[in-house]
Structure formats: C-alpha cells, structure tokens
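A.B. asks: following is a predicted model, sequence given first.
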Protein chains: 2
Amino acid sequence: CVVSSCFRAGEEEQQAQSKKALKKQQKEAEKAAKKAEKQAKLVSDFAKDRYGICPMVQSQQKLDRALVRVQDLTPEKAEQQIWVRARIHTSRAKGKQCFLVLRHQQFTVQALLAVGDRASKQMVKFAANLTKESIIDVEAVVKKVEQKIESCSQQDVELHVERIFVISQSEARLPLQLEDAVRPEGEGDEEGRATVNQDTRLDNRVIDLRTTTSQAIFRLQSGVCQLFRDTLINKGFVEIQTPKIISAASEGGANVFTVSYFKTSAYLAQSPQLYKQMCICADFDKVFCVGPVFRAEDSNTHRHLTEFVGLDIEMAFNYHYHEVIDSITDTMVQIFKGLRDRLQTEIQTVNKQYPSEPFKFLEPTLRLEYKEAVAMLKAAGVEMGDEEDLSTPNEKLLGRLVKEKYDTDFYVLDKYPLAVRPFYTMPDPNNPKYSNSYDMFMRGEEILSGAQRIHDAQLLTERAMHHSIDLEKIKAYIDSFRYGAPPHAGGGIGLERVTMLYLGLHNVRQTSMFPRDPKRLTP
Amino acid sequence: CVVSSCFRAGEEEQQAQSKKALKKQQKEAEKAAKKAEKQAKLVSDFAKDRYGICPMVQSQQKLDRALVRVQDLTPEKAEQQIWVRARIHTSRAKGKQCFLVLRHQQFTVQALLAVGDRASKQMVKFAANLTKESIIDVEAVVKKVEQKIESCSQQDVELHVERIFVISQSEARLPLQLEDAVRPEGEGDEEGRATVNQDTRLDNRVIDLRTTTSQAIFRLQSGVCQLFRDTLINKGFVEIQTPKIISAASEGGANVFTVSYFKTSAYLAQSPQLYKQMCICADFDKVFCVGPVFRAEDSNTHRHLTEFVGLDIEMAFNYHYHEVIDSITDTMVQIFKGLRDRLQTEIQTVNKQYPSEPFKFLEPTLRLEYKEAVAMLKAAGVEMGDEEDLSTPNEKLLGRLVKEKYDTDFYVLDKYPLAVRPFYTMPDPNNPKYSNSYDMFMRGEEILSGAQRIHDAQLLTERAMHHSIDLEKIKAYIDSFRYGAPPHAGGGIGLERVTMLYLGLHNVRQTSMFPRDPKRLTP
C-alpha cells in the first residue's frame, strides 16, 4: 500500500540519515586528528613563524618595511636582506627545494627555498603548494648567480627566501594560463601547445592584462597620450573638455546612440567636432581634447569599436590649412620619436609575441594629393572613379604602394573629393569637386580624418541644406559662426588605432583595455 | 459682371505692374548712379587698395606674412611695421580719426586711423563702420605712447593703422555685450548698468567664452588637468582609458542613464570605479584616468552636473591606505602650487570679476577623523548622529570651523561611517561601524570621495549582498578579485569643482564649457 511504501521509504531514509551522521562523525574525527597532527607538526616546526597566510590587509597597522620592486633586483643588491611583494608566476618543487618565479608587472626573478637552517620541510611544502598568481611578501637575501637565468627578466640574481607570507591567494584554477597568453602567434599550433583565443582573453581581461605583452601595450598607449598632449601644450594648445551627451546628432542621424535623458532623449557624441569648433569661435585658437567617442555602427571588423578614444585637434590658421596639417604631422612625428626613444623595451616586448617591422616615417611627412593616389591605384590595376572614396582594401594597397615608393609607414592624403566628406568641409577654391580635407595613414590604415572647416555661416547653411541636414537641429552650431570666426582646420585621431598600427598589431581589441563592439559590452 | 470685373482687375493689375516696373527702373537708375558715384569716389580714393573685405579665407594661397600676436605688442617693437590679426573690441569715430580697441584672447591694444597720407576719409569711415567682434588683419606701425593706455592690456604702445582688411564679419547685433559679461558682480546693479544672466551666457556660450574671465577660467582648468597628470606620471602612474558604455549600473541602479545599444540596452558609467580597480588587479599598480562621468540625478544645485569630468586615481598600497591618501593629497598640493606659480595672471583676471581670498593649504595636508568633525559640529550647536552623513550646510559650516581653527582651505576627512559609503568600501578593522574611507574638501565643499576598496572576493560578495546588489550583475567585477588582488585604495575628483573652488567661484556651470544639467542640453 501507499502508506507502507511511504513508511518504508521513511525507514530507509532514516537508516540512510543515521549512516550519514555516522560518516560525518567519522569524518570530523579524522579531521580533528589531522588538525592535531598538523598542529603537532607546526609546534615542532622551528620555522612556523616564517611562513603562512596573512590576514586580509585591512590597514591594521602602518608597517615600517620597505618593499623592493622586482625590477630593482640587480647585482648591486647582492647579499642584501630585503622584502619583495610579487605574484607567484610559477612554482616547482624538487626534492628538498622549491623554485619559484616571482613576477611583478613585466619583471620576473627566480626565488629559492631549501630545507635547512632557515626553512623547514613544512615551509618548503607550504611554498610549493601555493597557487599561481597569488600575491606574496618574501624576505630574502639577494644572491648573484654564476649562470644567467634566461627565463627571468632579472638574469643575474636570485632570491634565497627566508620568510614567505601570502597577501592574497588566487583560486587554483585559472581561466587562462599566462604562458599560453604570451605565446607567439602560430607557435602554439605548430608545437601542439595552447594559445588563448581573443574572446577568452577579453572575458578574463584582468588576467590577460597581466601578461608582459599587455603590460607593454598599455604602457605604450599611456605614452601616446602623454606625447600627444605634451607636444601640443608646447605648441600653445589649450586642453578642453567637451560634452558627450548632446541634444542633436552632430553628423546626421545615422550611427548614433540614443540616451534617455530625464523626460526627453539625447544622443552620445560621435565626435567633439562641433564643440572644438565653437572653442575656436570663442578665441581659444588652438585646442585639443582626449575623450571617448561613440559610433553606433554595426561593424564587426578588426578596426571598428563602438566606443573609442579620440585625440582631437582644432586650430585657427592664418591663410592656408596646410599650416594645420604641418602642426598635426609634426605632432605625430613627435609621438613616433618619443615612443621609439622612450618605450623601446615595451616595443620589443610586444614584438616578441607579435613580430613586426619597425615603424618608418619621413621628415617632413609625405603629403600626396588624392588624385595622385587614384593614379597610383589605377596604375596598379585598380578600377575606380576619380571622385570615389577609398575602400579598405584600396587603402591598404595604397599603403603598400606608398611604402614601396617612398619607404614610409606614415603619410597624408590631401584634397579628398568634396562629395565623400561631411557637410562642414571647406570646398577647394580651385576645383569645386574637391575639398580642403585630408586623411592620415599608418601602415596603410586611416588613423585621422580632418579638414579645413567652413567658418562662414552662410556657406555652412548652404552645404548643410545640400546634405539634407535639418537646420533647426544644428542651429547653435551654425550660429557660432555669425559673430566673427577665424579660418580653422583640425582632425580626430583614433588612439587605439595609433597604438595598434604603430606596434603592427592586427586587431584594435588588443589596444583597447575593455573593448566595446556590437557584440561585447563586458567586462 | 464677373468677367468685366476680372478684366478690370486685370487692367488694374497691369497698371500696377507697369507702375512697379517704372519704380523698379527708377530705383535701379538711382542704384546705378550711387554705384557710379561710389566708384568715382573709390577711383578718386587714393587709399582704395588699403582697406576692404577679404574674400572668405579658403586657403587660396600660402601668404608669406607673419602675424604678430597682440600680447607681443610691446615697446621693443616700437617703429616696426607689422601685421596683426584681432577682433574689433570697440570702435569709436572722432572727427577725422577712428579709435579701435583690438582684442586677441585676453589681450587688447589701441589702434588709430587718421585721415592723412596713409588713410583717406573713406577708409576711416570704413573702419568706423565695422561691426564689433569682426576679425580683421591690420598693417600698422607700432608707436610708443606717452601716457599709459589704462583701458588696454598693452598699455605702452598703440598701432597706427595703414591697411585694414576684414577676415570675418560679425553680425551687428550681438546677443550679449562682452563689457557687460565681465562686469564684477553687484557693480552692474548699483550703477544701473547691465550684467548678463547665466542662461544668456550659456545660450550664447561662444561669445561668453571670449571674455577675459572665461579665457582665464578655462586656461586654468587646462592647467589643473596638466598638473594632475604630470604629477602622477612623475609618481609612476599609468594613464588608462575606461569604457563609458557599460552593461550593468556600477553602483546600484539609481541615477544612471540608459542607452539603446543595438538590440539591447546599456548604461553610462557613473564612474570608472570598477575598471580602474580591475587595472589594479591586472598589476598596473598605480593608474589614473581623466574622462566624463554621468549622473542621472535630478539635482538643480550650484554644484551638480549630469555630466562632469572625473580625475580618477587608483593605487595598490603596501600596508595602509594612508599611503594612498598621502599620494593624493600631495598631488592636490602640487596642483595648488602649480596654479599659484604658473597661472597667477589668470587667477587675478578672474578675481577682478569675482573677488575671492587666495586659496590656502597646509603641508602636510590636514587630516581629521569623521568623529572629530562631528564633535566640532556638535560644539558649534549642530544636532546630528555620530553615524549620520554630512549635509551640504554642515559640510560648509565644517569648512568654516576648520578654516578658523587650522587656517586651511583644503583638508581630508577620514574614517567615514561604513553605513554611508558604497558596498566596496573596506570596513575599519578596529571599529565595524566605521570604514577606511575619506572625502577631501576645498573651501568647505567636497571635491573627492575615496576609500580603501575590498580586495577579497568573499568579503566583497558579503558586502554586496548586505547592500541588496544583484550579484549576477557585478559578477565580472567580483571575479576580478579571485586570482590574487593587491590591497588598494583610490578616489575620484570632480574637475569642475576643483576649478570652481580654487577660484572661489559660486557655480559649477562657470567652470564647465558646455554644462549639462537636468534642464540644459544645448549648446
């Protein structure tokens, strides 16, 4: 019957439960025994105060202890007793010894624990069992080594560890291995070793960013920003901050993100274009800004992001927009030189994983006219109209042709057809089909788009109407030019592209810390 | 009948038309006569090639002509014949003479045209009729003056104009007068002269930004950014770029703007908090970023904007978060000193319109505990709980009390009650009701909020749950701490507030070029 089956079921359950309880008791007893044994060992462990897991650093005390950086561990420090904080990069037990490689940023050093006066068996075992990527404090004596340690950045010294404490433990299972993540392209496949695909990298960006390659890429990118700004500040430019939430889509309505703004809606700025021009109308003369720009383009390519960092320039000139081109190309040249001279280590680090030719540039910068480029492409067999825009493959081909002919990875293409440029572009005074506009290229890919802008409200109105732009929506912009406006030109540079192309990388997601594209919004 | 009335109407119309035609002919004849007369005058005008309206500068030619800046017009240039480009600040005809004040940025110089050898009657009349704010090129001889010209920045020289050409004409009717816009507060009312209210200024920002006060404010702001970055780069910090479009509201769901993101929605980052912390977990150690932050707060106060510029810092430390406080306060002190030493002219320019006491600070920076602040407020008669947050009036009162007692406009308030801080704030190890968090104040208003952050995934999870935060939404953030994370702290500074409070201004809209608040999205 149902009841008796219930009962039996109950009875079985009861039996099962008492068995479980018994098992639990047994387990607990075993656990207690083990603990006692461990305790006993620990008590008998003369080195027990020399290792362990620190309580979470909660600023309990101000410890007067200097920490030496891994990169500063050189033979000059030989025989010194020092403290170092670093991650466990690798750990390998070998008999009574444990070899660790300690890592801080792009620097590594070998560390050794050996059973003896200063370390017990238990201590060496403790060290050997620590999880990779855990952060530890070690007290050690710096020792010169006879044979260079090829696998570490600090090749002339090793650390003889006397104390070792865990500051922050890593989980044992890492979502990706750092050694896989820095393996040169292709090498993994050939030798059957793992490499890490891009999505795994980006999903676990915090670990991927710890590789020597990532550390180098983003230090170089920080350098690009710094060189950009320092050069411009030396040239008398003023840094401005422009709003990202705007009331009207600046360059036509397409490809713009919409934002809910209290009871109305607004847009995310596709560029600081209109604002930097207003600053010119407001007499700031030479301005720059560094900030995010947003493009709601559903482009899933190696070089498009929906959010990237714009390095923007706008400048009043006297008589000819080439004054501005000269300022911008000189700025780029200062960036290239600065990177080459100050960040050579970083460049070489990236090259180890992603080999590329050194970046070449001329002084003064090569400037070609659009017509000449079309002629070069036609001579190379490309069929295209004179006033047709350059396709991406044609841009790349042109880059190769220019490199062959002029031996430069950087050049300016001037005098684009008017039809392919935004409404505010100044027409060429000598040929109404062309315009006073230009792009700049690195390794055959566009990194800057710019032009002389129309500074006359009437002509601007005509051109906006020609492009079917709603005048009401750009009223504030057009009105800016009604009260005297100096002739001016400028351009916008894509930071991630500059970093990518300078280093000869192949995907802009490698040079964006947390890239955004139509399919990626996290982390 | 209808037909005849139609006819008559037609006849009348014809008559009207022929009258019109006649009138038109007459008018045209008059016009032609006038033109001929003008032409005749022009032909008879010996100076006719010395003035006029230039065609729009369209980069027709590369003119080899140096332009001297107004600020460089000093007695050393006396008797030199030079070209200057500037705006017409004021223009006044007086008999056969015309006095102009020419302006470029914050600099002004007097210019004189007089009927004589080099200028005709017509030329002087032309100059006298030019609209204010038009941009002109003048060729002139620099002349020393006997009596200082008090009304100009260049007091020791004037220009004797020999040629004058308009580069860009301003409309005659300006939406605001620059002299009204720089009038010191209160002065306008007393003497019955106009001042310009804030909305008029902001609606016509391009003109308002031309005032000496605005030029000085935004040059100083550019200086704040530069000093901030230079100081941090010297301290070994790396600049990072963090995404502004994010998949989950970082600090709870309130006050966040929603963005349409292809087929889904996203949010605008309220701070780079989570990303700069991830950079710490990724071993960058010391990072900063400068960029927009977004707050969908419906606050219409003197110090709230919906979009402002955050100067953000995050830093790994060794043992105590006061190491980070010391770095931040030293950075602030370097900014204060840099502004004082490098931008004194700008400070004094702003003070002319908005008088304020010089900004005072101590070295080392004063650090008070929250408990002490509450005690000071209670002693001053304020009723408040020990763990209650500071209201804005209490913050200001505290600022006055601190100024009286310690004579400083800058201080740190440390150890806030845990309950009033975000979930990721590290609790005080000695008192669970308090936390390792701090605010910094300038002239009694908060400019930075910061803390030691929880770097342990487990404690972070507990605290997030305590704050009822959806763990699924901050998974990527919490996971960042699972693979070893250094103890760290940081803070975010509001750029516009720093500029406002350093200069002793009273509205953050004065220090935002194109401010955004719940009611303003343009220009």
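C.D. replies: Sure thing, it's come through.
A.B. asks: going by C-alpha atoms from here, please, whenever you check contacts or count neighbours.
C.D. replies: Noted.
A.B. asks: for the stretch 51-200 of chain A, which segments count as strands?
C.D. replies: In the stretch 51-200 of chain A, the segments counted as strands under DSSP state E, counting those that start in this stretch are A:51-53, A:67-68, A:81-94, A:97-104, A:107-114, A:135-144, A:157-168.
A.B. asks: next one: the last one to chain centre, how far?
C.D. replies: Its chain's C-alpha centre and that of strand A:157-168 lie 31 Å apart, by C-alpha atoms, centre = their mean, to the nearest Å.
A.B. asks: can you point out the buried residues in stretch A:127-145?
C.D. replies: A:127-128, A:130-144 (16 or more other C-alpha atoms under 10 Å in any protein chain shown).
A.B. asks: list the buried ones in the helix or strand hosting A:Gly338?
C.D. replies: Using DSSP states H and E, A:Gly338 falls within helix A:322-342. Along helix A:322-342, the positions that meet the burial threshold by neighbour count (16+ other C-alpha under 10 Å) are A:322-325, A:327-336, A:338-340.
A.B. asks: ok, now which ones touch the residue lying closest to A:Val196 once chain neighbours are set aside?
C.D. replies: Sequence neighbours aside, A:Ala181 is the residue nearest to A:Val196 in space, at 5.4 Å (criterion: C-alpha to C-alpha, 6 or more residues apart in numbering or on different chains). Contacts for A:Ala181 (C-alpha atoms under 8 Å, 6 or more residues apart in numbering or on different chains) come out as A:Thr195, A:Val196, A:Arg201, A:Asp208, A:Thr211.
A.B. asks: hmm, the fourth one is touching A:Asp180, no?
C.D. replies: No: here A:Asp208 does not reach A:Asp180: they are 10.1 Å apart, not a contact under C-alpha atoms under 8 Å.
A.B. asks: quick one, which of these two is more surrounded?
C.D. replies: More neighbours sit around A:Asp208 than around the other of A:Asp208 and A:Asp180, counting by other C-alpha atoms under 10 Å in any protein chain shown; the figures are 25 against 15.
A.B. asks: residue of the stretch 351-500 of chain A closest to chain B, please.
C.D. replies: Per C-alpha to the nearest C-alpha, the residue of the stretch 351-500 of chain A with the smallest distance to chain B is A:Tyr483, at 3.9 Å.
A.B. asks: can you count the residues close to that residue?
C.D. replies: Around A:Tyr483 sit 25 other residues, with neighbours defined as other C-alpha under 10 Å.
A.B. asks: quick check on it: phi, psi?
C.D. replies: Main-chain dihedrals, A:Tyr483, degrees, to the nearest 10: phi -120, psi 40.
A.B. asks: ok, now how distant is it from B:Arg205?
C.D. replies: Using C-alpha to C-alpha, to the nearest Å, A:Tyr483 is found at 12 Å from B:Arg205.
A.B. asks: repeat for A:Ala32
C.D. replies: In terms of C-alpha to C-alpha, A:Ala32 sits 76 Å off from B:Arg205.
A.B. asks: which of those two has more neighbours?
C.D. replies: The residue with more neighbours, out of A:Ala32 and B:Arg205 and counting by other C-alpha under 10 Å, is B:Arg205; that gives 23 against 12.
A.B. asks: residues touching the more buried one, list them.
C.D. replies: With contacts taken as C-alpha under 8 Å, 6+ apart, B:Arg205 has the following neighbours: B:Met513, B:Phe514, B:Pro523.
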